[in-house]
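In: okay, predicted coordinates and the sequence, questions at the end:
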Amino acid sequence: MACRRTAFAGEGARGQHFERHIDGDLVFLLVPDPAPSLGWTVKVIQRPRDDEDYSSVVTPPHRGVNARFIEGWHFRNSDNTGPNLGGVNAPQEQRDFSFVVKREDYRAAADALDRLLWRRAEDSDETRQQAMDVYDGVIRGEGTLRIHRLDLGNLAPGQQAWIDFMGFTVELCLPAAP
C-alpha cells in the first residue's frame, strides 16, 4: 500500500493524557485508564468526534487482550514477582495497530464488525460474507508504537503492576490520497 509516513516521540507519566495531531483532523491519543490507572489505550480520533475511536474498529483481536491496551501487568509474570518472560500472553514493547482515516469508513467498519461479532438469527452466510467484504474493504492506515523506556510500579507479589512512566515512538503509515 502506498502511504505517507510520519513519526514522533513522546512520553507520559501515570495518569497523563498524550495527544499528537496526525493529519487534517486526525489525532493520535494515549488515554489513561480510569483509576487506578494501570496504563493507556491507543486511540485515533477525528476532531470534533472524540467518541469515535478509528483504531478500535480495525485493530484485532476485538475480544481479549489487544495491542492498543498498554498496561503494566503485560510486562510482569502472572504473580507479579518478575518480568514477563513469555508466561503472560500479552503484547510487549512493540504495539501494532490499524486505523481508518474517514468517518464513513469508521461507520462502515463499525457496522460490519458488529454484524460479524454478534450473530443475529436473521443473518445468513451471505450477509455475513457481505459484512466481511465491507470490513476488509475499508481503507486503513497502520501504526506502530514502540516502548523505549518503561518504569513499572506496584510490583508487590500478587498485585497488579502499573506503568509509572513510558517513553515511546510512534510510526504511522497514512493512506496516500488517490
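Out: Noted; the coordinates are in hand.
In: how near is the residue most central in space within the chain to T127?
Out: A centroid search over the chain (Cα atoms, centre = their mean) returns R68, at 2.3 Å, as the residue closest to the centre. Going from R68 to T127 by Cβ to Cβ, to the nearest Å gives 28 Å. Bear in mind the C-beta positions are built from the backbone N, C-alpha and C, glycine included.
In: also L26?
Out: Distance, L26 to T127, using Cβ to Cβ: 31 Å.
In: higher neighbour count, these two?
Out: Using other Cβ atoms under 10 Å as the criterion, L26 and T127 rank with L26 on top: 20 against 12.
In: give the contact list for the more buried one.
Out: By Cβ atoms under 8 Å, 6 or more residues apart in numbering, the contact set of L26 is V44, I45, Q46, Y54, V101, L174.
In: go again using 7 Å as the cut-off
Out: Going by Cβ atoms under 7 Å, 6 or more residues apart in numbering, L26 touches V44, Q46, V101.
In: who wins for neighbours among these?
Out: Neighbour counts for these (other Cβ under 10 Å) peak at V44, which has 26 neighbours.
In: and that residue, its phi and psi?
Out: Dihedral angles of V44 (phi, psi; degrees, to the nearest 10) stand at phi -130, psi 120.
In: which residue sits farthest out from the middle of the chain?
Out: No residue in the chain sits farther from the centre than E122, which is 31.4 Å out by Cα atoms, centre = their mean.
In: secondary structure class for it?
Out: coil (DSSP: H, G, I helix; E, B strand; the rest coil).
In: residues in contact with it?
Out: Taking Cβ under 7 Å, 6+ apart as the definition, E122 has no contacts.
In: now the residue nearest to G12 when sequence neighbours are not counted, which residues is it bridged with?
Out: Distance criterion Cβ to Cβ, 6 or more residues apart in numbering; nearest residue to G12, sequence neighbours excluded, is F18 at 4.8 Å. Beta bridges link F18 to L30, judged by DSSP bridges.
In: quick one: list the elements packing against the helix or strand of the chain with the lowest mean pLDDT.
Out: Counting by mean pLDDT, DSSP states H and E, the chain has its least confident helix or strand at helix 125-137, which shows a mean of 81. The contact analysis (3 or more Cβ pairs under 7 Å, 6 or more residues apart in numbering; DSSP states H and E) places helix 125-137 against helix 103-117.
In: could you give the mean pLDDT of the helix it packs on?
Out: Mean pLDDT, helix 103-117: 88.
In: contact partners of that helix?
Out: Against helix 103-117 from outside (Cβ under 7 Å, 6+ apart): 46, 49, 52, 54, 57-58, 62, 100, 123, 128, 131-132, 134-135, 138-139.
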